[in-house]
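Asks: Following is a predicted model, sequence given first.
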Amino acid sequence: MAEECGLTAWTAKLLAPVLKLLFPAARRDERVMKAISMNMTANLLGLGNAATPLGIKAMRELKRAGGNLSAATKDMALFVVINTASLQILPTTIAALRLEEGSPAPMDILPAVWMTGGFSLLAGILAAQVFCREAGS
């Protein structure tokens, strides 16, 4: 459905400048960039269950673009790090759990979620850059 209404293309264009910096080896491959952007969109919206199959598709596209090697590429490692950090604009799952437990303001955690998510994402990206460089990837 996202493909048919143009959400995929719009999201890919919006995220393209950042993704091209983060994934220089894959930036010329439209299929890879589209798969990564869709996964990141699902993560940003807090849609964990929807993000999982999109992440698997993105990883397959990264593997294909990397020559189907048996070892992970630098882009694949960075993609896993970014997914693990899971920066969320709308943490829908945790908000739903808070609402279910009777919280009068389930989204009042947004500043904490944004700050911790941003810091963990930055730390993960920096660590991936350092360790991939040391490993010779």
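Replies: Arrived safely, thanks for sending.

Asks: following the lowest-mean-pLDDT helix or strand in the chain, which helix or strand shows up next?
Replies: Between all helices and strands in the chain, the lowest mean by mean pLDDT, DSSP states H and E belongs to helix 7-22, at a mean of 80. Moving toward the C-terminus from helix 7-22, the first helix or strand encountered (DSSP states H and E) is helix 30-44.

Asks: What helices and strands are in contact with that following helix?
Replies: helix 7-22, helix 48-65, helix 74-85 (3 or more CB pairs under 8 Å, 6 or more residues apart in numbering; DSSP states H and E). For every residue, glycine as well, the C-beta is placed using N, CA and C.

Asks: wait, which of those helices is closest to residue 119?
Replies: Residue 119 sits nearest to helix 74-85 of all these, at 9.0 Å, using CB to CB.

Asks: Need the residues that contact stretch 62-70.
Replies: Where contact means CB atoms under 8 Å, 6 or more residues apart in numbering, the residues beyond stretch 62-70 that reach it are 25, 26, 29, 31, 32, 35, 36, 73, 75, 76, 79.

Asks: go with 6 Å
Replies: Residues outside stretch 62-70 that contact it (CB atoms under 6 Å, 6 or more residues apart in numbering): 26, 29, 32, 73, 75, 76.

Asks: Among the residues you listed, which one is most surrounded by other residues?
Replies: Sorting the contacts of stretch 62-70 by how many neighbours each has (other CB atoms under 10 Å) puts residue 26 first, at 27 neighbours.

Asks: any idea of the pLDDT on the residue lying closest to that residue once chain neighbours are set aside?
Replies: Nearest residue to residue 26, sequence neighbours excluded (CB to CB, 6 or more residues apart in numbering): residue 32, at 4.3 Å. Residue 32 is assigned a predicted lDDT (pLDDT) of 88.
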